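Asks: Quick one, structure for this:
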Amino acid sequence: MNADHPFPHSPTELVIDLDALADNWRLLRDRAAAGGAFATAVVKADGYGLGIAPVARALHQAGCRSFFTAHLDEAIRLRAILPDAGVEISAMNGLTPGDEEAYREHRLAPTLNDLGQIERWRAFCRTEETAHAANLHVDTGMCRLGLPWQEVDRLAEEPERLDGVALSYLMSHLVNADDPAAPINRRQRQDFAAICARLPTPMRGRMLANSSGCFLGRDWLFDCVRPGVAIYGGAPNEDGPNPMKPVISLRAKILQIRDVDAPQTVGYGAAHRVERPTRVATVAVGYADGYLRSIGAGPVPTQAVAHVGRQEVPVIGRVSMDLTTLDVTDAPDAAVGAPVEMIGPLNPIDRLAEAAGTIGYEILTSLGARYRRRYVGRAAEGAAEGAA
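Replies: Below is the predicted model of the structure:
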């Protein structure tokens, strides 16, 4: 039994290739380096659902020294995993009042998203008589977090607001970088460059590109990049083949096979009506495990499939909480106990996401706790230790 998982008897296994993950980060690192930039890594949401401890250790072994989480609690957990003084850890969701001491105690950098947060961090630095590190997030089109243009103007006119703060990264976030042809990409790059010219120079660098932004071109790289989903195997854009290696495989054993025929139906709501003699296989994967109910809930652009060996088999009926049904009529190797690849090289997360009407991010971060997890690859040695 792996130390990171309480379900050693699960008939469903999530295999996570940490070498592929490390190779993906190195590919992004090398693309950034070709443009004179360096790569950080985003490990929020428990390492995009794959386990922040093994993910972070594998990335650290690969050479990554700067990490981003969303929440402060994630960053605190990550600091316990990577205590090295040379590792930078930042939380992106802003400085909540009262959290200043936690950032200092755990050697973390907050990301300041408005003038009020800047003032609180500056006041904390004055009280401590220390210029603690912080990042500055400016909004260039997302309209979520980050200084809006009015506050950017005020900060540019009053740069002393940052006096006593060790400004580490100056950053923004691309809106539509997965579509390289989207006009907003160029506009955001131009706006960010203009803002950078007006604000104090950060110590570590200017940062705009996410996973998709790393593939837009040299002009989007600035000093450093902040990839996330591409590290975990997700396609960085909508054009052409995915250059990233697949990181996960979800394999489920067939629990039962039923022979059914018209006019029988399969699953809740009688949503799938059998039209021919059909072999229906059931596997222990459901929406409680992150195999989303929308995968079998109605018309979608792409039919959801799985694979028995290399034979493609369609998902039929509605995905239920614990179970999913497959049409294995044309899969002669289908038998009780036989493995089915639900996600993997033949059925990548982005294809499954399209069938679910969502994106690969949601598939990854929804992966359930009931899977028996197995970390593989050279990077897995020691990386999964204490992964819970």
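Asks: Pull the number of nearby residues for the nearest residue to F124 once chain neighbours are set aside.
Replies: Ranked by CB to CB, 6 or more residues apart in numbering and with sequence neighbours excluded, the top spatial neighbour of F124 is E100, at 4.3 Å. (C-beta placed from N, C-alpha, C; glycine too.) As a burial measure, E100 scores 19 neighbours (other CB atoms under 10 Å).
Asks: what's the answer for R104, then?
Replies: Using other CB under 10 Å: R104 sits among 14 other residues.
Asks: same deal with R374?
Replies: So R374, with other CB under 10 Å, has 17 neighbours.
Asks: For L14, see how far away it is.
Replies: 7 Å (CB to CB, to the nearest Å).
Asks: Ok, E74 next?
Replies: 21 Å.
Asks: out of these two, which sits in the more crowded spot?
Replies: Using other CB under 10 Å, the more surrounded residue of E74 and L14 is L14, with 26 against 22.
Asks: mind checking how far that one is from M244?
Replies: Distance from L14 to M244, by CB to CB: 18 Å.
Asks: try A33
Replies: Relative to M244, A33 is positioned 17 Å away (CB to CB).
Asks: okay, those two: which has more neighbours?
Replies: Shown here are A33 and M244; by other CB under 10 Å, M244 has more neighbours (24 against 12).
Asks: Might one say that that one is in contact with A235?
Replies: Yes: counting by CB atoms under 8 Å, A235 is a contact partner of M244 at 7.0 Å.
Asks: neighbours around the residue nearest to L78 when sequence neighbours are not counted, how many?
Replies: If the residues on either side of it in the chain are set aside, L78 comes closest to I89, at 5.4 Å by CB to CB, 6+ apart. Neighbourhood size, I89 [other CB under 10 Å]: 24.
Asks: Packing partners of the host helix or strand of I89?
Replies: Here I89, judged by DSSP states H and E, is contained in strand 88-91. Packing partners of strand 88-91 (3 or more CB pairs under 8 Å, 6 or more residues apart in numbering; DSSP states H and E): strand 66-69, helix 72-81, strand 109-112, strand 166-171.
Asks: Please repeat the previous calculation with a cut-off of 7 Å.
Replies: If you count contacts as 3 or more CB pairs under 7 Å, 6 or more residues apart in numbering; DSSP states H and E, strand 88-91 packs onto strand 66-69, helix 72-81, strand 109-112.
Asks: Now do it: everything it contacts.
Replies: Contact with strand 88-91 is made by 65-72, 74-75, 78-79, 108-111, 135, as judged by CB atoms under 7 Å, 6 or more residues apart in numbering.
Asks: Turn the buried ones among these into a named PyMOL selection, would you?
Replies: Buried subset of these, written as a PyMOL selection, criterion 16 or more other CB atoms under 10 Å:
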select buried, resi 65+66+67+68+69+70+72+74+75+78+79+108+109+110+111+135
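Asks: Show me where the stretch 51-200 of the chain dips below the pLDDT cut-off.
Replies: Within the stretch 51-200 of the chain, no stretch has pLDDT under 70.
Asks: could you pull out the helices for it?
Replies: Under the criterion DSSP state H, counting those that start in this stretch, the stretch 51-200 of the chain contains helices at 52-62, 72-81, 100-105, 115-128, 149-157, 183-198.
Asks: Can you mark which positions in the longest one are buried?
Replies: Same thing as helix 183-198. Going by neighbour count (16+ other CB under 10 Å), the buried part of helix 183-198 is N185, Q188, R189, D191, F192, I195, C196.
Asks: ok now that helix, how far from the chain's centre?
Replies: 25 Å (CA atoms, centre = their mean, to the nearest Å).
Asks: could we number from 765 for the rest of this?
Replies: Noted, 765 is the first residue going forward, which turns the last one into helix 947-962.
Asks: Need the residues that contact that helix.
Replies: So helix 947-962 is contacted by 902, 904-905, 916, 920, 934, 936, 938-941, 970, 972, 980, 983-984 (CB under 7 Å, 6+ apart).
Asks: Recalculate using a threshold of 10 Å.
Replies: 900, 902-906, 911, 913, 916-917, 919-921, 923, 934-943, 946, 966, 969-973, 976-977, 980-981, 983-987 (CB atoms under 10 Å, 6 or more residues apart in numbering).
Asks: what's the spacing between the residue nearest to F888 and I853?
Replies: From E864 over to I853 the distance is 16 Å, taken as CB to CB.
Asks: Likewise for A941?
Replies: A941 is 24 Å from I853, by CB to CB.
Asks: repeat for P912
Replies: When distance is defined by CB to CB, P912 is 27 Å away from I853.
Asks: Likewise for Y812?
Replies: As judged by CB to CB, Y812 and I853 stand 16 Å apart.
Asks: what about P1007, neighbour count?
Replies: Neighbours around P1007, by other CB under 10 Å: 14.
Asks: doesn't A994 make contact with it?
Replies: Yes: counting by CB atoms under 10 Å, P1007 touches A994, with 8.3 Å between them.
Asks: hey, what's in contact with both of those two?
Replies: With CB under 10 Å, 6+ apart, P1007 and A994 have common neighbours N788, L791, L792, F979, P1000, N1001.
Asks: Check which helices and strands the helix or strand that contains the first one sits against.
Replies: Per DSSP H and E: N788 is located in helix 782-798. For helix 782-798, the contact count by 3 or more CB pairs under 10 Å, 6 or more residues apart in numbering; DSSP states H and E identifies strand 802-803, strand 805-806, helix 816-826, strand 988-989, strand 1136-1140 as packing neighbours.
Asks: list the helices and strands the longest one packs on?
Replies: In other words, helix 816-826. The elements that helix 816-826 packs onto, with contact taken as 3+ CB pairs under 10 Å, 6+ apart, are strand 776-781, helix 782-798, strand 805-806, helix 808-812, strand 830-833, helix 836-845, strand 1136-1140.
Asks: Let's see that with 8 Å instead.
Replies: helix 782-798, helix 808-812, helix 836-845.
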